[in-house]
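[1] Here you go, sequence then predicted model.
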Amino acid sequence: MAGGQQDRRKHRYLIWLGVAAGTLLAVIGLRFMIVPRTAANNFGLAKELAGYELHLMVGLRDLWLGGLAVVFALLREWRALMWWFALGAIVCFADAAIAAYSSGKIANVLFHLVSGAFCVGLAVQLARLRTDG
């Protein structure tokens with residue numbers, strides 16, 4: 001058996017654990033979108049928020065995701081960074097819709113739309129970098 005194939009089999013569990021963890025996180029996020037109050041209660045948030053707990057949770061996730069992009073860039077993991085920006089664009093466009101519905105403030109909506117366009121542009125550039133070698 002070739003060394004590369006043996007390594008792939010040896011680390012197959014890491015793929016499945018990564019897929020399982022990512023899927024679980026996506027399900028949790030979806031649950032927060034479908035039944036936000038129940039999800040918040042199940043994850044330890046008080047029925048009536050006392051302060052900025054939800055903001056802190058969002059902020060922590062933004063720090064984590066931002067750190068992930070920095071690590072991908074520093075390690076020159078172009079494919080991972082391309083997907084990070086591509087998926088980030090979807091989030092930015094969804095955030096624009098949420099901001100439009102929530103406050104309707106044009107500046108806030110434009111910020112998210114421009115951020116989404118920026119992410120699309122970088123994802124395209126990274127895809128080209130990958131194909132150029």
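    Arrived safely, thanks for sending.
[2] how close does Lys105 get to Ile98?
    Distance from Lys105 to Ile98, counting by C-beta to C-beta, to the nearest Å: 12 Å. For every residue, glycine as well, the C-beta is placed using N, CA and C.
[3] Neighbour count for the two, which is higher?
    Regarding Lys105 and Ile98, a neighbour count based on other C-beta atoms under 10 Å identifies Ile98 as having more, with 14 against 11.
[4] contacting residues around stretch 70-79?
    With contacts defined as C-beta atoms under 8 Å, 6 or more residues apart in numbering, stretch 70-79 is touched by 80-81, 84, 126, 129-130.
[5] Just the buried residues of these.
    The neighbour-count test (16 or more other C-beta atoms under 10 Å) applied to those identifies 80-81, 84, 126 as buried.
[6] Okay, and which of the contacts of stretch 70-79 map to strands?
    Nothing among the contacts of stretch 70-79 maps onto strands, per DSSP state E.
[7] from the residues you listed, which is closest to Asn41?
    For these, the closest approach to Asn41 (C-beta to C-beta) belongs to Trp84, at 30.9 Å.
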